[in-house]
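J.: let me see the structure of the following:
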Amino acid sequence: MEGCIICGKKCDNNECSQLSSGSVYHPHCLIKMEKQRELYESQIKELNRKIHIAQQEIKRQEGVIFKIFSFFSGQKDNIQSFLQYISKHEMMLQKLSSNLEITLQQLKSIYDYFLTYPPDWEERRQAIIQSRGRRCEKCGRSTRNLHIHHITPLSKGGSNRLDNLEIPCESCHKKEHGGLEFGYEFNDNDKKSVFSKRLHLIHEAINKNQEIEFLYKKPTQIKYHKRIIKPREIVSIPHIHDSEATGNGKLNYYTNGKQKYNGNGKQKYHGKGK
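T.: Coordinates of the predicted model:
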């Protein structure tokens, strides 16, 4: 089975969580990375505080009052020492900022394919509104009560990447969901989507060497056909749109390294693996 996307170690039984890209990760590895991000942010904040204090002290010693005081008291300024102090801390700040940026990018690459709304959902919402403008991308009129909508739903293997998100107003968002009334609150992150459940089922079948029964069809076919396979691994394959392609770019199974099957159909266990 594929290893954790963070530490690279293989996952035993059900200790790994799935991503819609087909990759897996150890929850404890993700928690460790999130704590590392928090540590970097805390250290950066403290360094900025120390640099600010040193800069204020330099301004004080360069002021007229200090110069008059030092003239009569004989006290010398130590501006040069503070400049060296600031230079040293700015180098530390630069290194920490670089480490933080790397960690944020790593977290983003995982959150992109979360099976639920990711922890940085509000940041994504603000980023997309700021980059595209505060206006509904559906009707082009409303600038109030703007929501963020997944173009390809999470339940169908969609991602949280910005290119899969759009900005509808509340009214247009309701239309996208068949008139469903809902508040813009996402606290139910523990609720698994249909896609999440299917992905978990596949991973479990791989771990237990079991077969899976599912429905699939080619783009040129109208009806779904039953298929029973014993999946060995999950890989992410770019979208291919031709008459013979059975992969849909979201989730594919490789059974023998040659054939690929669409994994977006209905799935269920079919007995025990041989």
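J.: alpha carbons only for contacts and neighbour counts from here, please
T.: Will do.
J.: any idea how far residue 39 is from residue 45?
T.: 10 Å (C-alpha to C-alpha, to the nearest Å).
J.: er, residue 176 actually
T.: 40 Å.
J.: gap between residue 108 and residue 29?
T.: 14 Å.
J.: quick one, which of those two is more surrounded?
T.: Legend: neighbour count by other C-alpha atoms under 10 Å for residue 108 and residue 29, higher for residue 108 (18 against 15).
J.: A helix includes that one, no?
T.: Yes. The assignment for residue 108 by DSSP: H, G, I helix; E, B strand; the rest coil puts it in a helix.
J.: give me the mean pLDDT for the lengthiest helix in the chain.
T.: The helix that spans the most residues within the chain, counting by DSSP state H, is helix 27-62. Taken as a whole, helix 27-62 has a mean pLDDT of 94.
J.: after it comes which helix or strand?
T.: Next in sequence after helix 27-62, counting helices and strands by DSSP states H and E, comes helix 64-73.
J.: buried residues, that following helix. List them.
T.: residue 67 (16 or more other C-alpha atoms under 10 Å).
J.: could you do stretch 49-68 as well?
T.: So, applying 16+ other C-alpha under 10 Å, buried residues of stretch 49-68: 51, 54, 55, 58, 61, 67.
J.: closest to residue 115 out of those residues?
T.: residue 51 (41.4 Å; C-alpha to C-alpha).
J.: distance of the residue nearest to residue 24 when sequence neighbours are not counted from residue 118?
T.: Of all residues not flanking residue 24 in the chain, residue 18 sits nearest, at 4.5 Å (C-alpha to C-alpha, 6 or more residues apart in numbering). As defined by C-alpha to C-alpha, residue 18 lies at a distance of 13 Å from residue 118.
J.: now do residue 209
T.: 31 Å.
J.: higher neighbour count, those two?
T.: A direct count of neighbours by other C-alpha under 10 Å for residue 209 and residue 118 places residue 118 higher, at 18 against 15.
J.: show me what contacts the more buried one?
T.: Residues near residue 118 by C-alpha atoms under 8 Å, 6 or more residues apart in numbering: 111, 112, 160.
J.: tally of neighbours for residue 170?
T.: Look at residue 170: counted by other C-alpha under 10 Å, it has 20 neighbours.
J.: and it, what is it in contact with?
T.: Contacts of residue 170 (C-alpha under 8 Å, 6+ apart): 145, 146, 147.
J.: pretty sure the second one sits against residue 139.
T.: No. Proximity of residue 146 to residue 139 does not meet the contact threshold set by C-alpha atoms under 8 Å, at 11.6 Å.
J.: residues that sit against both of the two, list them.
T.: residue 168.
J.: more neighbours: which of those two?
T.: More neighbours surround residue 146 than the other of residue 146 and residue 139, with 21 against 11 (other C-alpha under 10 Å).
J.: what sits against the closest residue to that one other than its chain neighbours?
T.: Leaving aside its chain neighbours, residue 146 sits nearest to residue 169 (4.4 Å; criterion: C-alpha to C-alpha, 6+ apart). If you count contacts by C-alpha under 8 Å, 6+ apart, residue 169 has them with 135, 136, 137, 138, 142, 143, 144, 145, 146, 147.
J.: tell me the pLDDT at residue 169?
T.: 88.
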